[in-house]
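>>> After the sequence you'll find the predicted model.
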Protein chains: 2
Amino acid sequence: MAGAAPGTVRWMGDKGVLGLKNKALSTGVALGVIAGLLATAAWADAGPATIPASALSSVKELQKRALAGSGAYEVVESLTTQVGPRLPGTPNDAAAVAWAVKAMKDMGLQDVHTEAVPMPGWRRGLERASIIAPMPQPVAVAALGASVGTGPEGIEAEVVRFASLADLKAAPAGSLTGKIAYIALPMARTQDGSGYGEAVAMRIAGPAAAAKKGAAAVIIRSVGTDAHRTPHTGMTRYEDGVAKIPAGAISTIDAGQLDRLLERGPVKMKLVLDVGLLDPITTYSVVGDLKGADKPDEIVVMGAHLDSWDLGTGAIDDGAGVAIALASAKLIKGLPEKPKRTLRIVLFAAEEEGTYGAAAYGKAHAADAAHYVLGTEADLGIGPVWQFKLKSNANAEGAIATMAAALKPLRVIQGADGEGESSDLGPMAEAGMPVAELSLDATTYFDIHHTADDTLDRIDRPTIDQSTAAYASVLWLAMQAGGTFRAPGTK
Amino acid sequence: MAGAAPGTVRWMGDKGVLGLKNKALSTGVALGVIAGLLATAAWADAGPATIPASALSSVKELQKRALAGSGAYEVVESLTTQVGPRLPGTPNDAAAVAWAVKAMKDMGLQDVHTEAVPMPGWRRGLERASIIAPMPQPVAVAALGASVGTGPEGIEAEVVRFASLADLKAAPAGSLTGKIAYIALPMARTQDGSGYGEAVAMRIAGPAAAAKKGAAAVIIRSVGTDAHRTPHTGMTRYEDGVAKIPAGAISTIDAGQLDRLLERGPVKMKLVLDVGLLDPITTYSVVGDLKGADKPDEIVVMGAHLDSWDLGTGAIDDGAGVAIALASAKLIKGLPEKPKRTLRIVLFAAEEEGTYGAAAYGKAHAADAAHYVLGTEADLGIGPVWQFKLKSNANAEGAIATMAAALKPLRVIQGADGEGESSDLGPMAEAGMPVAELSLDATTYFDIHHTADDTLDRIDRPTIDQSTAAYASVLWLAMQAGGTFRAPGTK
């Protein structure tokens, strides 16, 4: 999970946060809207979504099997151990694509293929920071994604603290010339991750804001809720026509230390971020289908992202989502009852760096959005799933109630009526695809998110089994349902 | 806290673990034993330790004040913020000595002075490790203290795993030529820290054992109980006549990853430890007294160590001990009742690197051991204190019962009869000084111990206040007692 928080914008991905959704995707979205209009007639005849009794019987078996050992842990174990960190453009990224293709083929998915995703290249090298005055001490730092580098020799400058991005923006022009701007906003811990949306703006917009005031570099307090020396990386965004300055995140502990020192007097820091932009690269999303027997052209899609940041091994972000998706498909395939509609698994490329995989998928498939019955994605950790949400209407309300009842044994509550969140499926949602949200509990997610601690050690088997049970249930019920989740007369 | 665990050897410091106690200290200890003999007559006449009622009344006030805010947190805050990490020979080390002298003088201690401590120099530079095959991924590593370096270019070699030090020692001679030996023993979590003593042997003796088999370098699973990417440093020991090879600790998470990869096939690693030995240096212990009004020559001593490892800021190891000692002295000084005996605070230098401060203090003062009524030290974190121990005998048993009763309101239990643990006070204990142990709860101590996470963030105010209340109580009661804690007829 890369960008804004659930609850704040519909798209969780960087694309929404970065304000790019009407730029890179304009073609795809426009096509999608047209396709949606064209498809109206088909769904207009479909009638309300109805879930047959046999599907409800099978869902009990599905949940029982998932809770007894969904296989999701083993998927994360394999991905994070054999492939490790998955920064686009690295050998690990290519290995992840090969791993995903093999995993899908091994479990018998059909039409397994990759889809090319063009994007800018970026590399991370040596990162070191230290306070050099008043007393020397090391500072744990990580470059923000897409940051330009300081060069291996680094820079030395006085640190100027701002309590928030707004305070930085209010600084007089030129007041930071040659200085390191430091934005110190802490992040709040919440179950729905909404604290992230509040804090992440400094990461996205901080560098450009600091550059406008003349700063030589910018550091932010990590956007995270932990107290460890593990900084949280994540994308930043430069603005056209504004100088690109090196940007890093320091750990929350180092931020606290810096705050205490700055209360006592001036602080000088050395910052080495030997990172930088590279030539454009191509990475790949991986797609596979479990074909429906009755209506193979009607698609229920589940998304997760295959790429990860490179400090950890991307276990919770988003190895967990990949595992929930693949384990759900395998569990559904193993049921005695045959699927009616097609289940599509899309493991998106390059979500972290700006939902490039989502953009490419939208561009290629939004025109076919009418074929998509329902979509859901998993990109907020291992769970448990605590809430189910799907926008209600006269066609959907009965099925929503049935799904919610089916999820109750898993301790999943029904959320207030509203759009489900999506990031990688955002372009498809924009093109008219209904999105079901299975809210993953994010209370501790941002302790680990985008840090070196995002490793297999964070995957709790019973928790990810519950999440897999919930996702598989909703996917299965949508696959077996007749009718549509779209509102009557959708245009 | 540097070396073996409480419960396994009487001295917790590296000195005990390193087997040096009969070498560097032989002169001092011999003098101490002689002094002990000479002083027998004085203590022989003293009679049983008896605690007056006024002291018991004052101890209630002492505890009340400590629990209301002992001031210990503020001491750690100042030391870790203004001085930071305190590796001997660094500017921070010199600043720590100046800080301690000022702190003691500011609170009105007398005869505040430093005592020189000669020791070998060592520096830490860039440390980086990565798995380079089968797939590249970074490994979080820290050099062990006193390790020789790999040079900045590092070494690349295959990793050979051993489940324990014993397994490594059993490897055929020459079987590790050119390889990196990896010792994978996990550490058990215990309240008394005894898991440390079991695991730390691989850190101390692993490099020499690996070198004997021809290894080019050695890495160990961090001696720690956490699951974070923060490796645990700590001293190692080379053997005379055996090649010195670079030695590092990898985080417990990286160890788990390495274990999983090695189950699947060969692993090649790159290891850069740009560290190394320097010329001998001199550092300083800091000593200050709160003089007794009645018997100024009879000393109750409290020890802690001023130095720290350099990855964190030495908050729990041993900023906490420094704070408990200084806050206890200040609380005792603030009581309306005047102290009878002298309280001495010794902030030892260079405990982590091999209890060099303890050796120097022993050499200088063991001959005067007869003047020491009782000693105690704090070097196992912030607490709470859960147990009180002091070797019983006909002279001590009454006072022990009185002290234990006085500690009961703090939820401190009385331990089984036995010697109290000591590390920095080890040489004085060897010379006959009774040692009271206030057992600090070590359940979570080794999550943080010797890592970059050893920072102010780990200091919980109510917990360190309770510990300070307990230490101050025992110090105070010993200061006000008449008689001796030594056995009748001690020779």
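Ah, there it is.

>>> only C-alpha atoms for contact and neighbour calcs from this point on.
Fine.

>>> Disregarding flanking residues, what is the spatial nearest neighbour of A:Trp151?
Actually, residue A:151 is Gly. It isn't Trp. Of all residues beyond its chain neighbours, the one nearest A:Gly151 is A:Asp274 (5.1 Å), with distances taken as C-alpha to C-alpha, 6 or more residues apart in numbering or on different chains.

>>> Does the one you found touch A:Gly149 like I think?
Yes - between A:Asp274 and A:Gly149 there is a contact at 5.1 Å, judged by C-alpha atoms under 8 Å.

>>> More neighbours: which of these two?
Using other C-alpha atoms under 10 Å in any protein chain shown, the more surrounded residue of A:Asp274 and A:Gly149 is A:Gly149, with 26 against 21.

>>> how much space between that one and A:Gly125?
Distance, A:Gly149 to A:Gly125, by C-alpha to C-alpha, to the nearest Å: 9 Å.

>>> Which neighbours do the two have in common?
In terms of C-alpha atoms under 8 Å, 6 or more residues apart in numbering or on different chains, A:Gly149 and A:Gly125 are both contacted by the residues A:Leu273, A:Asp274, A:Val275.

>>> So what pairs up with the first one in the strands?
Following DSSP bridges, A:Leu273 is listed with bridge partners A:Glu127.

>>> And for the one 10 residues further on?
Applying DSSP bridges to A:Thr283 yields these beta-bridge partners: A:Val117.

>>> In contact with A:Leu335, which residues?
By C-alpha under 8 Å, 6+ apart, A:Leu335 lies in contact with A:Ser58, A:Glu61, A:Leu62.

>>> What residues of the helix or strand where the second one lies count as buried?
Here A:Glu61 is covered by helix A:53-67, with elements defined by DSSP states H and E. When burial is assessed from 16 or more other C-alpha atoms under 10 Å in any protein chain shown, helix A:53-67 yields the following buried residues: A:Ala55, A:Leu56, A:Ser58, A:Val59, A:Lys60, A:Glu61, A:Leu62, A:Gln63, A:Arg65, A:Ala66, A:Leu67.

>>> ditto for stretch A:144-156
Using 16+ other C-alpha under 10 Å as the test for burial, stretch A:144-156 gives A:Leu144, A:Gly145, A:Ala146, A:Ser147, A:Val148, A:Gly149, A:Thr150, A:Gly151, A:Gly154, A:Ile155, A:Glu156.

>>> Start and end of stretch A:151-158, how far apart?
18 Å.

>>> can you give me how far it is from the chain middle?
Distance of stretch A:151-158 from the chain centroid (C-alpha atoms, centre = their mean, to the nearest Å) equals 32 Å.

>>> Would you mind listing what in chain A touches chain B?
A:81-85, A:91-92, A:135-138, A:227-230, A:253, A:257, A:260-261, A:311, A:452-453, A:455, A:457 (C-alpha under 8 Å from any C-alpha of the partner chain).

>>> Walk me through the domains of chain A.
With domains defined by automatic domain parsing, chain A comprises A:14-122+A:279-480, A:125-274.

>>> Confirm that A:Ile332 sits in a helix.
Yes - A:Ile332: assigned to a helix according to DSSP: H, G, I helix; E, B strand; the rest coil.

>>> Neighbours of it, how many?
A:Ile332: 24 neighbours (other C-alpha under 10 Å).

>>> Likewise for the one 10 residues further on?
Using other C-alpha under 10 Å as the criterion, A:Thr342 is surrounded by 25 other residues.

>>> Quick check: it touching A:Gly288?
No - with contact defined as C-alpha under 8 Å, A:Thr342 does not count as touching A:Gly288 (10.2 Å).

>>> Other residues contacting stretch A:93-111?
Residues outside stretch A:93-111 that contact it (C-alpha under 8 Å, 6+ apart): A:79, A:83, A:85-87, A:112-114, A:283-291, A:306-307, A:326, A:330, A:347.

>>> so of those, which ones are in helices?
Applying DSSP state H to the contacts of stretch A:93-111, the entries found in helices are A:Leu326, A:Lys330.

>>> which stretches of the stretch 1-150 of chain A form helices?
Here the stretch 1-150 of chain A has its helices, by DSSP state H, counting those that start in this stretch, at A:14-18, A:26-44, A:53-67, A:72-78, A:91-106.

>>> Next, the buried residues of the fourth one.
Going back to what we said before, that points to helix A:72-78. A:Ala72, A:Tyr73, A:Val75, A:Val76, A:Glu77, A:Ser78.

>>> Distance of the third one relative to chain B?
Read that as A:Val75. To chain B, A:Val75 is 14 Å away according to C-alpha to the nearest C-alpha, to the nearest Å.

>>> ok, now which ones touch that residue?
A:Gly319, A:Val322, A:Ala323, A:Leu326, A:Ala327.

>>> for A:Ala469, same thing?
Taking C-alpha under 8 Å, 6+ apart, one finds A:Leu62, A:Gln63, A:Ala66, A:Leu67, A:Ser70, A:Ser328, A:Leu410 in contact with A:Ala469.

>>> try 6 Å
For A:Ala469, the contact set (C-alpha atoms under 6 Å, 6 or more residues apart in numbering or on different chains) comprises A:Gln63, A:Ala66.

>>> got the CA positions of the helix or strand where it lies in CSV?
A:Ala469 is part of helix A:461-480 when elements are defined by DSSP H and E. Extracted as CSV, the C-alpha positions of helix A:461-480 are listed here (Å, rounded to 0.1, in the frame of the first residue of the first chain):
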residue,chain,number,x,y,z
ARG,A,461,-1.0,-17.7,10.3
PRO,A,462,-4.4,-17.6,12.0
THR,A,463,-4.9,-14.0,11.0
ILE,A,464,-4.0,-14.4,7.3
ASP,A,465,-6.2,-17.5,7.2
GLN,A,466,-9.1,-15.5,8.5
SER,A,467,-8.5,-12.9,5.9
THR,A,468,-8.2,-15.5,3.1
ALA,A,469,-11.5,-17.1,4.3
ALA,A,470,-13.2,-13.7,4.1
TYR,A,471,-11.8,-12.8,0.6
ALA,A,472,-12.5,-16.2,-0.8
SER,A,473,-16.0,-16.1,0.5
VAL,A,474,-16.9,-12.8,-1.2
LEU,A,475,-15.2,-13.8,-4.4
TRP,A,476,-16.9,-17.2,-4.5
LEU,A,477,-20.4,-15.7,-3.8
ALA,A,478,-20.0,-13.1,-6.5
MET,A,479,-18.8,-15.9,-8.9
GLN,A,480,-21.9,-18.0,-8.2
